[in-house]
Structure formats: C-alpha cells, structure tokens
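> Sequence and predicted structure are below.
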Amino acid sequence: MDKSGDGRFIKGKDIWDLDFGEIVIKKETVKRFAHMYRGNVRLALSRICTKEDFERKKKDVLNRSLP
C-alpha cells in the first residue's frame, strides 16, 4: 500500500505522530465569539473553566480540612 498519497503524511511523517502542543483556551476569545457557538450551552454563555482556573480550585479544595 502506497501511503504517500492518502493525505495523512506530511513529507514522510504520519500526522498522528506530530506534536501539536497543548490547547490553550482564552476566556476573552471565547466571550468575544460566544454568540457564534451553537450546540454547547456552556460555550454559548462563555461559562468555561481554563486549566489555570481548574488548578486553582483544585488546590483550594484539597487544602480544606475534612470535618
């Protein structure tokens, strides 16, 4: 099977092996384009939690003492 013409290869590299890095979500960008989102209510209302927000909340919860 010749894989050079199936669209998955970029100069001999398989696209599944490429590293695209971490996806960065910016709240300002989501809020600016929130009116264009359809299907996901959280995105349409710009109610998202970034990785930094999640880590901060996680740290707060783990620092609380149990009753």
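Structure's in. What do you need?
> counting residues per helix, which one in this structure is longest?
Assignment by DSSP state H gives helix 51-63 as the longest helix of the chain.
> need the strands for this structure, in chain order.
Using DSSP state E, the strands of the chain run over 9-10, 13-14.
> Distance-wise, check the residue nearest the centre of the chain relative to residue 56.
Nearest to the geometric centre of the chain sits residue 23, at 4.5 Å (Cα atoms, centre = their mean). Distance, residue 23 to residue 56, using Cβ to Cβ, to the nearest Å: 19 Å. No exception for glycine: its C-beta is placed from N, CA and C like everyone else's.
> Quickly, which of the strands of the chain bottoms out on average pLDDT?
Among these, strand 9-10 carries the lowest mean pLDDT, a mean of 58.
> Now tell me which helix or strand of the chain has the poorest mean pLDDT.
strand 9-10 (a mean of 58; mean pLDDT, DSSP states H and E).
> tally of neighbours for residue 48?
By the measure other Cβ atoms under 10 Å, the count of residues near residue 48 is 15.
> actually residue 44, not the one I typed
Neighbours around residue 44, by other Cβ under 10 Å: 14.
> thought it was touching residue 31?
No: using Cβ atoms under 8 Å, residue 44 is not in contact with residue 31, being 10.8 Å away.
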